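Visitor: Any chance you could fold what I've pasted below:
(one chain, ligands or ions: 1)
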Amino acid sequence: MIGGRFLGQNRRSAAPRLDLSHNIILYLEGISVSFDGFKALNDLNLYIEAGELRCIIGPNGAGKTTMMDVITGKTRPDTGSAWFGQTVDLLSLSEPEIATAGIGRKFQKPTIFPNHTTFENLELAMAGDKAVWKVLFARISSEQADRIDSVLRTIGLSDKRNVLAGSLSHGQKQWLEIGMLLMQSPELLLVDEPVAGMTPQETERTAELLVSLSGTHSVVVVEHDMAFVRSIARTVTVLHQGSVLAEGSMDQVQNDPKVIEVYLGD
Ligand SMILES: Nc1ncnc2c1ncn2[C@@H]1O[C@H](COP(=O)(O)OP(=O)(O)OP(=O)(O)O)[C@@H](O)[C@H]1O
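Guide: Okay, here's the model as predicted:
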């Protein structure tokens, strides 16, 4: 195409093509979600640029998880629209279709296969929903092996390739899970509290990893650890009572009187 970018050609053919011609990968507009009359999201507007690393912060109950749930199709909004690039209407897709379209989500708790090696975990992630025994007994192509090696290097676990995933450290398990997401070639990665429970060294390594993934991916991180957010974020969005309270650099939002009031009052 002329003057724009189409991604996702390598994905299974059922996946819609991603049109990033306006350089915006995610549009959430006027999103509201109510639980028994309580508005968890209230006319939320959020735009994520292609390749950016965005941090979402906000006090408990601000709606961060609900927002991630809307993007991945787990929760359907009462009102609003959600677009992935210019043409993919997320509200018309099921959760698996959204994953196939190129949105990967990493939950706080790792969901790795502890009794398989690091390499096998990535192999299983590449195969998607095929039966475990079929995947592990099938021969992978050299191209697939190269791809796994490349992801192992990205997540810094090349020397742990033959180690059982259950014996990895907490931080290494988190990186492995990010690697498992990468095997699905997502364009947008949603990452929920990536450094909770990590050592300072693991936190630093995670910051490097997420920064290295941005550019080639768009990354949205929900995190409570402000030092970590400061270390990685270019733009920070503050959610409060289901809407965007402030958006800007970490310095801008930290000095915003509205943000100070919300956090001091929390
Ligand atoms: N399934 C549900 N049923 C009823 N209320 C819900 C449901 N899910 C979320 N809520 C409520 O919606 C509000 C927003 O919750 P959400 O989990 O999105 O906030 P959050 O910003 O992720 O908070 P935290 O930082 O504590 O994880 C909260 O008041 C929560 O109790």
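Visitor: can you count the residues close to the residue lying closest to Arg161 once chain neighbours are set aside?
Guide: In space, Arg161 comes closest to Phe119 once its chain neighbours are excluded; the distance is 4.4 Å by CB to CB, 6 or more residues apart in numbering. C-beta: built from backbone N, CA, C; applies to glycine. Phe119 sits with 21 neighbouring residues when counted by other CB atoms under 10 Å.
Visitor: ok, Phe119 - contacts?
Guide: Phe119 makes contact with 148, 152, 161-162 under the criterion CB atoms under 8 Å, 6 or more residues apart in numbering.
Visitor: Same list, those, but as TSV with neighbour count please.
Guide: Output for the contacts of Phe119, formatted as TSV (neighbours: other CB atoms under 10 Å):
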residue	neighbour count
Ile148	21
Leu152	20
Arg161	15
Asn162	9
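Visitor: Out of those residues, which is nearest to Ser231?
Guide: Leu152 (24.3 Å; CB to CB).
Visitor: How about the secondary structure of the closest one?
Guide: Secondary structure of Leu152, reduced to three states by DSSP: H, G, I helix; E, B strand; the rest coil: helix.
Visitor: Whatever helix or strand Asn45 lives in near the ligand anywhere?
Guide: Take DSSP states H and E as the rule and Asn45 turns out to sit in strand 38-49. Yes. Using CB under 6 Å from any ligand atom, strand 38-49 reaches the ligand at Ala40.
Visitor: got the end-to-end distance for stretch 152-170?
Guide: Using CA to CA, to the nearest Å, the span of stretch 152-170 from its first residue to its last is 16 Å.
Visitor: Outside of it itself, which residues are in contact with it?
Guide: 112-119, 121-122, 149, 172-173, 175-176, 178-179, 182, 197-198, 202, 205, 209, 212-213.
Visitor: can you pull the buried residues of that stretch?
Guide: Of all the residues in stretch 152-170, those buried under the rule 16 or more other CB atoms under 10 Å are 152, 154-157, 160, 165, 168.
Visitor: What of stretch 195-205?
Guide: By neighbour count on 16+ other CB under 10 Å, the buried set for stretch 195-205 is 195, 198, 202-203, 205.
Visitor: Just the ones of the buried residues of stretch 152-170 in helices?
Guide: For those, membership in helices holds for 152, 154, with DSSP state H as the criterion.
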